[in-house]
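From the sequence below, what's the structure:
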Amino acid sequence: MYGIYLIGLRQGLAAVVVVCVLAAYLVRTSRRDALRPVRAGAGVAVGLALAFGCLLEFGSQELTVEARKLLGGSLSVLAAALTTWLVLGMRRRVPLAAWALFAAAFLAVGREGLETAQYVWASVRAAGDEAGSSGPLWMLLLGVATAVLLGVLLHRGLLRIRSVRFFTWAGGMLAVMAAGVLAYGVQGLREARLLGGPSGTAFDIGSVVPADSWYGTLLAGVFAFRPDPTVLQVWVWVLYLIPALTLLLAPVWFGRSVGVEEQKATDEKAEARDGARDGDGAGDGGDRLRDGARRAGSRTDGDGV
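As a prediction, the model looks like this:
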């Protein structure tokens, strides 16, 4: 039961993180009206995942292993590419098109929804048949509900970050997540015999970060982390993430995109503080002139007497 709960938590986190970051970005840039395509994309993806689950439940045929790998890998590569484009758009503070927001939410939720329907539905049904109840299904839904709650907390936490740092933190989180999703997708395409590449496990830290632990589940859900990546996944992760973070953290490459409006506001505040200090200095100088005049007048009166 606990394992099914963790599966729901992991799949749910992988779906809601992108949506919550996008929603936070739109709120911070005063584009609440653009939340509609995000909600629509997520809603359509949920409906598609439910329909696919029903097809697996009541259909007479199931997808082969290669077909599952091909579908999951293709969607993962596409989701990573779109997420990268969104990260660069967020970094440059350019308005994101409605279709891009819809597609990002649809792919983020749909990819995990279809994968959940493929890999989890059969195990939940089998466990339910053995237990004679729908407990496993409720545990899966509880895991997804927990992921949604954590996503809401993440959304609120991002809104509390200062505007200048928000774009760096949000973009960096999406970049790391996209790296993991891309590595997962490429490995899936390799297992579907569509791509080649090195085989074998690069390293295994499962004894330190077990995949079935709650913290391993959180890392897997948010950053597509796995404790035993293949050599191909490590290469893809490194070759993607280094250029992505370089583009994200190098402000000179983006010229005017680095907080223009916030920089103006900062400059205006600095000028106001400088003006206030100058005004205080002028006031102090005027007081000193008046005191000097009074002292000079006193000395003149004394000499006259």
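
For the residue at minimal distance from the centre of the chain, give its distance to residue 78.
Nearest to the mean C-alpha position of the chain, by C-alpha atoms, centre = their mean, lies residue 174 at 4.0 Å. Here the distance between residue 174 and residue 78 works out to 15 Å (C-beta to C-beta, to the nearest Å). C-beta coordinates here come from the backbone N, C-alpha and C atoms, glycine included.

try residue 180
According to C-beta to C-beta, residue 180 stands 15 Å off from residue 78.

More neighbours: which of the two?
residue 180 (25 against 16; other C-beta atoms under 10 Å).

Can you give me the pLDDT of the more buried one?
Residue 180 is assigned a predicted lDDT (pLDDT) of 92.

i'd like the first residue to be 228 from this point on
Right, with 228 as the first residue, what we last looked at is residue 407.

Give me the spatial nearest neighbour of it, chain neighbours excluded.
residue 451 (2.7 Å; C-beta to C-beta, 6 or more residues apart in numbering).

what is the mean pLDDT for stretch 242-255?
The model assigns stretch 242-255 a mean pLDDT of 89.

so how many other residues sit close to residue 439?
Neighbour number of residue 439 under other C-beta under 10 Å is 11.

so where is this structure shaky, pLDDT-wise?
228, 283-289, 345-362, 478-532 (pLDDT under 70).

Show me how it divides into domains.
229-484, 487-532 (automatic domain parsing).

from the ones you listed, which stretch is densest packed?
Ranked by mean neighbour count, the domains of the chain are led by domain 229-484 with a mean of 18 (mean count of other C-beta atoms under 10 Å).

Distance from the chain centre to that domain, please.
With C-alpha atoms, centre = their mean, to the nearest Å as the basis, domain 229-484 stands 9 Å off its chain's centre.

circling back: shouldn't the residue nearest to the centre of the chain be in contact with residue 246?
No. Using C-beta atoms under 8 Å, residue 401 is not in contact with residue 246, being 11.3 Å away.

Can I get stretch 249-266 as CSV, trimmed to CA atoms?
Output of stretch 249-266 as CSV, limited to C-alpha atoms (Å, rounded to 0.1, in the frame of the first residue of the first chain):
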residue,chain,number,x,y,z
LEU,A,249,4.2,28.5,-14.7
ALA,A,250,1.3,29.7,-12.6
ALA,A,251,3.7,31.5,-10.2
TYR,A,252,5.5,33.1,-13.2
LEU,A,253,2.2,34.4,-14.7
VAL,A,254,1.1,35.8,-11.3
ARG,A,255,4.5,37.6,-10.8
THR,A,256,4.3,39.1,-14.3
SER,A,257,0.7,40.3,-13.7
ARG,A,258,-0.7,37.9,-16.4
ARG,A,259,-3.4,36.1,-14.4
ASP,A,260,-5.6,36.0,-17.5
ALA,A,261,-3.0,33.6,-19.0
LEU,A,262,-3.8,31.0,-16.3
ARG,A,263,-6.8,29.8,-18.3
PRO,A,264,-4.8,28.0,-21.0
VAL,A,265,-2.7,26.4,-18.2
ARG,A,266,-5.8,25.1,-16.5
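
Just the residues contacting that stretch, thanks.
Here stretch 249-266 makes contact (C-beta atoms under 8 Å, 6 or more residues apart in numbering) with 246, 313, 317, 320, 322-323, 325-326, 328-329, 331-332, 382, 385-386, 390, 393-394, 397.

Stretch 378-391 too?
So stretch 378-391 is contacted by 239-240, 243-244, 246-248, 250-251, 254-255, 393, 396-397, 486, 489 (C-beta under 8 Å, 6+ apart).

Among these, which one lies nearest to residue 433?
Checking the contacts of stretch 378-391 against residue 433 with C-beta to C-beta, the nearest one is residue 240 at 19.6 Å.

what about the helices in this protein?
All helices of the chain, identified by DSSP state H, fall at 229-255, 262-285, 292-318, 325-346, 348-358, 362-386, 390-418, 441-450, 458-476, 487-531.

Show me what the fourth one is packed up against.
In other words, helix 325-346. Where contact means 3 or more C-beta pairs under 8 Å, 6 or more residues apart in numbering; DSSP states H and E, helix 325-346 is packed against helix 229-255, helix 262-285, helix 292-318.

wait, what's in contact with residue 326?
residue 264.

do you know how far it is from residue 268?
9 Å.

go on, residue 256?
Counting by C-beta to C-beta, the separation of residue 256 from residue 268 is 18 Å.

again with residue 460
Relative to residue 268, and taking C-beta to C-beta, residue 460 is found at 27 Å.
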